[in-house]
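In: quick one: sequence plus predicted model below, questions after.
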Amino acid sequence: MQPTPRGHQEREVATKLKEAEVYYSMGLVDEAKEAYRAILSSDHQLTSDQRAIAEQRLRELEGKDGGEEQAGEELELANELILTTECLASEGNIQAILDGAFALRELGLYEEAVNEYVKLFSLDYAPEQVVPEICKCLLKSFPPAKAKEAVSRIIDEYVSERESKAKAKFRLGLEMERMNKLEYAMELYQEAALLAPEDSRIKERIEHITKKHVPKKEKVRQDMIKKIREAKERRKWERINARIPEFVFVEFEIGKDTTTPQQFKLQVANYSKYGLGLLVPENQKKLLEIVRPGDKIKDVTFFAKWAVIRVDVLVRHITKLDSGPHKGQYVIGVESEEIIESSAGL
């Protein structure tokens, strides 16, 4: 139903008067005077109360009515503004409330603007249309997490019908998703899904975030597990540099697939109770392309000053040295129960 010209004029006058009252309460004298003059000089028909308020305010602002004795005036004006808005709400004047809330938001009065938007929940106005406006106001003062909680509480308090509440939660979820706050969005979509399990839009957004967010989350989790394992492995293989190593060097042959086996001779850099670290010199870095952690190297000959041992070993790790005289070179950590047993007996 289209509004009548008279109804449109009444809403416009109420909005203009409300804006003027906001200027007045904030002490913006010039802006308030201009607003009241515009109201009084307009062609719109004013009620006797509206005209009286505008004329009274203008007299006070122009110093014609003892404006210096206005103690507590701002509190009185705030109360009048609230009463005016409540009157508009009772009359179902949605557009006037929207205009007033917008004016308050533009003036930086975000809490007052939220209070205005909340009034729309009791009128014939879709809750999901109110949510973005409230969200915009709260995000001016709070981080996304607090804004999300505050808007969600408002929805729970003022929206009773399940479907409407679901739509409002869904709309808030879209706002969080727009800010890339996917975890908050998912929480809201799940709440909405409980209220409206058949809503296809809610299901679609949950599926979308699941595909987009969960794999990343799982990757982070797997990376963390890998780092923990590596840290444990490093601690396990934390080597003790020997002043006089038991073994001096090793020799072995190894090939890859059908290639002719190559011979390698590596210095024993250090050892621990778990095994030995074999230093790979620059001229034998080809070995790093052949072996990987978990590989077995057969028939490795270990040379000590007073013994020679030939055993199979398991490659436990390949580590690049980041300090010491061999910085930048690689150490291959190998393990063999036979090495440990043989070393203990030497």
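Out: That came in fine, so what should we check first?
In: now the longest strand along the chain: average pLDDT?
Out: The single longest strand within the chain, with elements called by DSSP state E, is strand 308-320. Strand 308-320 carries an average pLDDT of 87.
In: any idea which helix or strand comes after the helix-or-strand element of the chain with minimal mean pLDDT?
Out: When the helices and strands of the chain are scored by mean pLDDT, DSSP states H and E, helix 73-90 comes last with a mean of 50. Heading C-terminal from helix 73-90, the first helix or strand you meet, by DSSP states H and E, is helix 94-106.
In: let me see the ranges of the helices in the stretch 101-250 of the chain.
Out: Taking DSSP state H, counting those that start in this stretch to define them, one finds helices in the stretch 101-250 of the chain at 110-118, 127-138, 144-158, 162-178, 182-195, 200-236.
In: between the fifth one and helix 162-178, how many degrees?
Out: If I follow you right, that is helix 182-195. 170 degrees (axes from the mean of the first three to the mean of the last three C-alpha atoms, to 10 degrees).
In: what's the angle from helix 182-195 to helix 144-158?
Out: 20 degrees.
In: please shift the residue numbers so they start at 24 in all later answers.
Out: Done: numbering now begins at 24, and the last item shifts to helix 205-218.
In: low-confidence stretches in the protein?
Out: Along the chain, the parts satisfying pLDDT under 70 run over 24-31, 49, 87-115, 236-269, 279-282, 295-297, 362-369.
In: now do the domain split for it, please.
Out: Per the record, the chain has its domains at 24-146, 149-259, 270-368, by automatic domain parsing.
In: format those as TSV; extra columns: mean neighbour count.
Out: Where you see a C-beta, it was placed from the backbone N, CA and C, and this is true even at glycine. What follows is these, written out as TSV (neighbours: other C-beta atoms under 10 Å):
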stretch	mean neighbour count
domain 24-146	16
domain 149-259	16
domain 270-368	15
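In: which strand residues bridge the closest residue to H340 other than its chain neighbours?
Out: With C-beta to C-beta, 6 or more residues apart in numbering as the criterion, H340 has its nearest non-adjacent residue at 4.5 Å, and that residue is G356. Beta-bridge pairing of G356 under DSSP bridges involves G300, H340.
In: show me what contacts I277?
Out: Contacts for I277 were tallied using C-beta atoms under 8 Å, 6 or more residues apart in numbering; they are P284, Q285, F287, L310, I313, V314, I320.
In: from those, which is closest to I76?
Out: V314 (89.7 Å; C-beta to C-beta).
In: for that closest one, phi and psi?
Out: phi -100, psi 150 (degrees, to the nearest 10).
In: hmm, it is touching I320, no?
Out: Yes: with contact defined as C-beta atoms under 8 Å, V314 reaches I320; the gap is 6.8 Å.
In: find residues that contact each of the two.
Out: Between them, V314 and I320 share these contacting residues under C-beta under 8 Å, 6+ apart: I277, V338.
In: so A149 touches K190, yeah?
Out: Yes: with contacts counted by C-beta under 8 Å, A149 reaches K190, the gap being 7.3 Å.
In: re the thing from before, could you dump the contacts of I277 to CSV with secondary structure and distance to A215?
Out: Listed next are those as CSV, based on DSSP: H, G, I helix; E, B strand; the rest coil; distance: C-beta to C-beta, whole Å:
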residue, secondary structure, distance to A215
P284, coil, 66
Q285, strand, 64
F287, strand, 64
L310, helix, 59
I313, coil, 57
V314, coil, 55
I320, strand, 59
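In: one step back: which one of the helices of the stretch 124-273 of the chain lies nearest to F325?
Out: Ranking those by proximity to F325 (C-beta to C-beta) places helix 223-259 first, at 20.8 Å.
In: sec struct for the residue of the chain positioned farthest from its centre, please.
Out: Most distant from the centre of the chain: W329, at 63.8 Å, with distances by C-alpha atoms, centre = their mean. Classification of W329 using DSSP: H, G, I helix; E, B strand; the rest coil returns coil.
In: ramachandran angles for it?
Out: Dihedral angles (degrees, to the nearest 10) for W329: phi -130, psi 10.
In: could you check how far it is from G298?
Out: Separation of W329 from G298 (C-beta to C-beta, to the nearest Å): 20 Å.
In: which among the contacts of I277 gets closest to Q73?
Out: Closest to Q73 out of the contacts of I277 is V314 (90.1 Å), distances taken as C-beta to C-beta.
In: check contacts around the closest residue to the closest one other than its chain neighbours.
Out: Nearest residue to V314, sequence neighbours excluded (C-beta to C-beta, 6+ apart): V338, at 5.3 Å. Neighbour list for V338: V314, R315, P316, G317, D318, K319, I320, I355, G356, V357 [criterion: C-beta under 8 Å, 6+ apart].
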